[in-house]
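S.K.: The amino acid sequence is not available; the structure is as follows:
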């Protein structure tokens, strides 16, 4: 609103451009802020700053509360239970290492052919289990292969060489007949490959080593 530049009253011009109130020729101007009318620009500006700061603080507090509430709710949502190593059903329990090794042996060196009586099927690799013997139809481990060392693992309790065969007793007290210098494995320790020398010495190497040096059977 325009006001009289002389008296400050609302501008109302009469003839000759005179102010109706003070009769002075004046030009219009914007109203001045005057303390007697309750206008305090400085106070208003400070209030605006304070209100802005209060609003910013309120927004920050609300955002913090929102994050905290969402985290609390999320932590209480239903979900899969954490995995534990104790207890569990039979389906989740580990298979005994011996069983796993024996199964892997049967797969890696098979197929196998059962032997009857004192047959050894030399030079095939033998698997001795529960009083029976099986011969690999594909693989042999030659007595000249590297890594044969004297067996100190106690895999056999007795050895008796007779000509080209050897009567042995494994750690479980089960008796078998194998060929001299013929590689064989007893099921009680499927991780070791054994061999009887003509001097009745028990030699051995690990299954991993035997896998590396095995040779296909010439049939």
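M.R.: Received, thanks. No experiment lies behind these values; they were computed from the predicted model shown. Residues are numbered from 1 along each chain as shown.
S.K.: Residue 106: what secondary structure?
M.R.: Of the three states, residue 106 takes helix under DSSP: H, G, I helix; E, B strand; the rest coil.
S.K.: Looks like it contacts residue 112 (just checking).
M.R.: Yes. Contact criterion CB atoms under 8 Å: residue 106 and residue 112 qualify, at 6.8 Å. The C-beta positions use only the backbone N, C-alpha and C, and glycine is treated the same way.
S.K.: what's the overlap in contacts for these two?
M.R.: Residues within reach of residue 106 and of residue 112 at once, by CB atoms under 8 Å, 6 or more residues apart in numbering, are residue 127.
S.K.: residue boundaries of the strands in the protein?
M.R.: 3-4, 28-29, 112-115, 126-129, 132-136, 139-140, 149-150, 156-162, 165-170, 175-179, 184-186, 192-196, 202-206, 215-216 (DSSP state E).
S.K.: What segments of this structure are helices?
M.R.: Ranges of helices in the chain, per DSSP state H, are 41-75, 97-109, 207-213.
S.K.: Outside of the last one itself, list whatever touches it.
M.R.: With contacts defined as CB under 8 Å, 6+ apart, helix 207-213 is touched by 101, 105, 108, 125, 141-142, 145-147, 183, 185, 190-193.
S.K.: that older thread, can you add mean pLDDT and distance to residue 21 and give the strands of the chain back as a markdown table?
M.R.: Converted to a markdown table, the strands of the chain look like this (pLDDT from 0 to 100; distance: least, CB to CB, whole Å):
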| stretch | mean pLDDT | distance to residue 21 |
| --- | --- | --- |
| strand 3-4 | 74 | 7 |
| strand 28-29 | 52 | 13 |
| strand 112-115 | 94 | 124 |
| strand 126-129 | 94 | 125 |
| strand 132-136 | 94 | 125 |
| strand 139-140 | 96 | 123 |
| strand 149-150 | 96 | 125 |
| strand 156-162 | 95 | 131 |
| strand 165-170 | 95 | 129 |
| strand 175-179 | 94 | 133 |
| strand 184-186 | 96 | 123 |
| strand 192-196 | 96 | 121 |
| strand 202-206 | 96 | 117 |
| strand 215-216 | 95 | 124 |
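S.K.: List just the one of those that sits closest to residue 22.
M.R.: Closest of those to residue 22 is strand 3-4, at 6.5 Å (criterion: CB to CB).
S.K.: Does that closest one pack against any helices or strands, and if so which?
M.R.: The contact analysis (3 or more CB pairs under 8 Å, 6 or more residues apart in numbering; DSSP states H and E) places strand 3-4 against strand 28-29.
S.K.: Output the lowest mean pLDDT helix or strand found in this protein.
M.R.: strand 28-29 (a mean of 52; mean pLDDT, DSSP states H and E).
S.K.: Test my guess that residue 134 contacts residue 124.
M.R.: No. Checked against CB under 8 Å, the pair residue 134 and residue 124 is beyond contact range at 9.2 Å.
S.K.: Neighbour count: these two, which is higher?
M.R.: Neighbour tally, residue 134 and residue 124, criterion other CB atoms under 10 Å: the higher count belongs to residue 124, 25 against 21.
S.K.: Phi first, then psi, for that one.
M.R.: Recorded main-chain torsions at residue 124 are phi -60, psi 150, according to degrees, to the nearest 10.
S.K.: Touching, it and residue 140? I think so.
M.R.: Yes. Residue 124 lies in contact with residue 140 (CB under 8 Å); the separation is 5.7 Å.
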